[in-house]
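J.: Next one to model:
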Amino acid sequence: MILSDREIKKFLDEGKIQISPKPNIEEQLGSASLDLRLGDEFMVFEHTKNPYIDTRRPETFNNITRLVKVADNEPFVFHPGEFVLGSTMEEVFLPDDVAARIDGRSSLGRLGIVIHSTAGHIDPGFKGKIVLEMENIGMIPILLYPKIRICQLVFEPLSSPTTNPYYKKKNAKYVGAQSPQESKLETN
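T.: Numbers count the residues shown, from 1 in each chain. I've put the predicted structure just below:
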């Protein structure tokens, strides 16, 4: 089961689901989802002399990106075939009995923008900005601006509260994320 617009609004009003800054319900609330906006920071992958990334050797995948921050009216130029990490402008806090799924928006997908490559599930108890694993699979560069509605969250109530919410997990690598972050695979 997923939450309807009515239930999402109720959970927001009651503070059960917390979004900061507070969303503009008129613009961001869909029939069964809530749109989130694009932040102003991007982790861009650099060309490297390394011939590969070895998932057992963190030195091959740490520090392979650089942070790009854009001003509100300045675009981020998203080139064809480019893979970047972005984040939502909003910080999200989910209670122990609600998970969420992040989906791209159809209007951007029709331009060739993929919003997440694998990490579409948001655990109950998550708190932070959501990192977007974005790719431009189109043929033309796309200008993206901070604060555009970039993705949507679909909320899924659990049958009972989890015994291990994300913020309490010992191995929770991305708790409280405030900006895009490189892989922390080495902490597994």
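J.: From here on, just use CA atoms for contacts and neighbour counts.
T.: OK.
J.: in the lengthiest helix in the chain, what counts as buried?
T.: When the chain is parsed with DSSP state H, its longest helix is helix 5-14. Buried residues in helix 5-14, defined by neighbour count with 16 or more other CA atoms under 10 Å: 5, 8, 9.
J.: And stretch 60-73, by the same measure?
T.: 61, 64, 65, 70.
J.: Look up which residues are beta-bridged to residue 44.
T.: residue 66, residue 84 (DSSP bridges).
J.: ok, it touching residue 78?
T.: No. If you go by CA atoms under 8 Å, residue 44 and residue 78 don't touch, sitting 9.9 Å apart.
J.: Give me the secondary structure label for residue 27.
T.: Three-state assignment for residue 27 (DSSP: H, G, I helix; E, B strand; the rest coil): helix.
J.: residues near it, how many?
T.: Per other CA atoms under 10 Å, the neighbour tally for residue 27 reads 10.
J.: what do you get for residue 36?
T.: Using other CA under 10 Å: residue 36 sits among 27 other residues.
J.: and it, how far is that from residue 115?
T.: Distance, residue 36 to residue 115, by CA to CA, to the nearest Å: 12 Å.
J.: ditto for residue 131
T.: For residue 131, the distance to residue 115 equals 10 Å [CA to CA].
J.: Residue 6 now?
T.: Distance of residue 6 to residue 115, given as CA to CA: 26 Å.
J.: How about residue 75?
T.: Counting by CA to CA, the gap from residue 75 to residue 115 is 17 Å.
J.: what's the answer for residue 24, then?
T.: 21 Å.
J.: Comparing the two, which residue is more hemmed in?
T.: Just comparing residue 24 and residue 115: by other CA under 10 Å the higher neighbour count belongs to residue 115, 26 against 11.
J.: so what's the nearest residue to the more buried one once chain neighbours are set aside up against?
T.: Excluding its sequence neighbours, the residue lying closest to residue 115 (CA to CA, 6 or more residues apart in numbering) is residue 134, at 4.5 Å. Residue 134 is in contact with 83, 84, 85, 86, 113, 114, 115, 116, 117, counting by CA atoms under 8 Å, 6 or more residues apart in numbering.
J.: how many neighbours does the third one have?
T.: Residue crowding around residue 85 was assessed by other CA under 10 Å; the count is 22.
J.: Now do it, the pLDDT please.
T.: For residue 85, the pLDDT comes out at 94.
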